Structures are given as structure tokens and as C-alpha cells.
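Engineer: A structural model of the following input is requested.
(one chain, ligands or ions: 3)
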Amino acid sequence: MSSLAIPFEPLPRTGNFPATPIPPIADADRKGLTKKETAADHPTWCPGCGDFSVLALYFKLIEKRKIHHEKITTVAGIGCSSRFPYFVQAHGAHFIHGRALPFASGVSLTRPDLHVFVFGGDGDAFSIGGNHFNHTARKNIKMTYCVMDNFVYGLTKKQTSPTSPLGFKSKTDIWGAVDQPINPMRQAISAGATFVARTTATNPNHVLQMMEAAMDHEGFSFIECLSECIEFYEGAFDAANPRKGGKFDLVPPDHDVTDEVAAYKLAGEPFPGKFGIFYKVNKPTKNVNEAGIVNSMQEKVRGLEPWQILQKTFDRMK
Ligand SMILES: Cc1ncc(C[n+]2csc(CCOP(=O)(O)OP(=O)(O)O)c2C)c(N)n1
Ligand code: SF4
Ligand SMILES: [Mg+2]
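Structural biologist: Ligands and ions are numbered 1, 2, ... in the order given. All right, here's what the predicted structure looks like:
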């Protein structure tokens, strides 16, 4: 148990919530969709971009976990990485820069039978979308948010991003970045995310493992996935790639994922750091809390006609 955890009283589940049992997302009786059945347009990313790998693993996840077209929901903001939903033949939205999470929250809260996947970049998540990131995490809204972190603004052709390291030369920092980069893992933990993991696009098995664990988590699951921008920050993640002379070190097996302080410590390790699940705790989701309120309100007016409900409201105003 984390030493920073604050005890709280979850809202009671009232009435007969959930009124209708929520069916499982996977349909075990149907065969898993192949990449051919879920791939849409050919991705327009630059050859060698790390984002290809993340997309390929999303297709693998869909097939392995038997998620069918009507249950696939892929949401993104704006950026190279945020083009993601275009390339998936299913429901989704390529939304406004930085606003993917509020959109996804609405979908998640109204459709408990789905699992919403959100993909995007470091600029989308931590610059323009920074506030949404913090609030979606603290509300613990059930979804998986995979940030394809390339330490740069790719789509707009090389500006400094919130994760660009000090000294990084870009069109907005021609003499080198002088601002301290944010640490996405620390930010996610401190904001209240209940699942925080880190992976890299150059290790496909690990990406898939993290996606599966994130999807299975009851709450807001965040994955920082290093994904190289071959065009504007080539070699950024060589230090995390054994094929380029770097090292890929897993989170030690004795790490307690419920220990918030231990998770901060892991997150503070110098690059390339560790990979795996840093933090995972169970807390009530906004989905459950809100459904409880809605259900108890519905109980109060069960069997009444709309005009009778209105009449009750007017009576209260007398
Ligand atoms: C409101 C608004 N501001 C700015 C932009 C311009 N813009 C588009 S994508 C982007 C940043 C993309 O960087 P990132 O989120 O890291 O994605 P990447 O392209 O690196 O995958 C910016 C500043 C925009 N489209 N909308
Ligand atoms: S500009 Fe960079 S992030 Fe964008 S598609 Fe090309 S390699 Fe990928
Ligand atoms: Mg980026």
C-alpha cells in the first residue's frame, strides 16, 4: 500500500446498479479479427517511424483479445501519432489537438460495454492537453491512454516538446532547449493515474504485454511508449535499444506496483530507465461512481411518465 495514499469513502453502489449486466468486451465465440480485417488506409507515417510498430501491436491486441468492430473505439488528438484512428477500420475519432481525453471520457462514461483506447503524442498529451491529462487521471475514468512519446513535435516539423531533453535543438529552440522536460511517469502517478507503465516501440512483445495489462485494468491506464521520430529526432532512443548498443531493463520483479514512492523512484531513474508496470492500484472509477448516482436518481422516478417527473420537480419548487 502506498504511503501517500489518502483514505476515502467510495460512493455506495445504490439500487440495482448495474441495471443491465455489462457484457465482456471480448467475444470468445467469434474468431479474432485479423490485421486485414481491421487495417484501414495505409499509414502515411515516414518509413521507419516508431508509430508503425504501435499500430501493428494494436492490431495484434484486437486479434488476440477478440475485440470486434462494434467494440473497437480508437480516439486521438492531432499530431503524427494522433493519425492513428484513420488507420483502424472501426469506430474512432481523430479529434482536436489536446482534446482526445475529454472526448474519450464521454465515450467511456456512456458506453460501459466498450474499452476506449486513446493514442497520441507528447505534445498532444502534455502541452496543449496537459490539463486534460491530469484531470482524466485523477477522475480515474476507465480507458487506456498510450502516449507515443518521440520527444518532439513531429507533425509540425520539429519544435521542442515538453519531453524534449535539455539542449535539444529545434525550430523553437535554435540554441538548444533550456526548459526542464517533464517526466511523464511521475506526472501520471502524481495526477492520480491508477495504472502507469512504460515501454518502447522497438520491443514489440513488451508493447503488447503492456497494452493487454492496461486494457485489463479497471480505471485510467497510462502507457508511455517511446516511439522514434526518424525524421526529426533520429536516434533519440538508441540508449534504450539493445540492437543499437543500448539496454532494455525491465522493472525489477520485486518492485511493489502498489508502492507510490517506489514508483516515483523508478520514474526518476536517468534515461533510458526501466520498462514495465511502475504503478497499479485499484480505486473506484468515475464510471462506477457516476453510474451509481444515475441509478439511484432513476430509482426515485421509476415507473413515472415524463410529465409526472416534471410535476414532481415543480412540486419541489413550490
Ligand atoms: C489548437 C492547435 N494548436 C496547434 C496545432 C498545431 N499542431 C498540430 S500537431 C502539434 C504537435 C504535435 O506533436 P505531438 O503531439 O508530440 O505529436 P507527434 O506529431 O510528435 O506524433 C501541433 C503544435 C493544432 N493543430 N491545433
Ligand atoms: S515526422 Fe516523425 S513522427 Fe511524424 S511520421 Fe515522420 S517519423 Fe513519424
Ligand atoms: Mg511528439
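Engineer: just checking, residue 260 touches residue 279?
Structural biologist: Yes: Residue 260 is within contact range of residue 279, at 6.6 Å (criterion: CB atoms under 8 Å). The C-beta positions use only the backbone N, C-alpha and C, and glycine is treated the same way.
Engineer: which residues are common contacts for these two?
Structural biologist: By the contact definition CB atoms under 8 Å, 6 or more residues apart in numbering, residue 260 and residue 279 are jointly contacted by residue 189.
Engineer: Give me the more crowded residue out of the two.
Structural biologist: residue 279 (25 against 20; other CB atoms under 10 Å).
Engineer: Identify all contacting residues around stretch 96-104.
Structural biologist: 73, 75-79, 82, 93, 95, 116, 118, 120, 124-125, 127-130, 132-133, 135-136, 141, 143, 145.
Engineer: swap the cut-off to 6 Å and go again
Structural biologist: 75-78, 95, 116, 118, 120, 124, 128-129, 132, 136, 143 (CB atoms under 6 Å, 6 or more residues apart in numbering).
Engineer: okay, how far is it across that stretch, tip to tip?
Structural biologist: 12 Å (CA to CA, to the nearest Å).
Engineer: Helices of the chain, start to end?
Structural biologist: With helices called from DSSP state H, the chain shows them at 35-38, 51-64, 100-110, 122-126, 130-139, 184-191, 204-216, 260-267, 286-300, 306-317.
Engineer: The third one to helix 286-300, inter-axis angle?
Structural biologist: Yep, that's helix 100-110 we're talking about. 40 degrees (axes from the mean of the first three to the mean of the last three CA atoms, to 10 degrees).
Engineer: what about residue 190, neighbour count?
Structural biologist: Residue 190 - counted by other CB under 10 Å - has 16 other residues nearby.
Engineer: repeat for residue 247
Structural biologist: By other CB under 10 Å, the burial measure for residue 247, its neighbour count, is 9.
Engineer: Could you measure from it over to residue 240?
Structural biologist: 7 Å (CB to CB, to the nearest Å).
Engineer: and the end-to-end length of stretch 228-236?
Structural biologist: 7 Å.
Engineer: Show the average pLDDT along that stretch.
Structural biologist: The predicted model assigns stretch 228-236 a mean pLDDT of 98.
Engineer: likewise stretch 207-218?
Structural biologist: For stretch 207-218, the per-residue pLDDT averages 97.
Engineer: before we move on, the earlier item: just curious, which of the contacts of stretch 96-104 is nearest to ligand 1?
Structural biologist: residue 124 (3.5 Å; CB to the nearest ligand atom).
Engineer: All set now, cheers.
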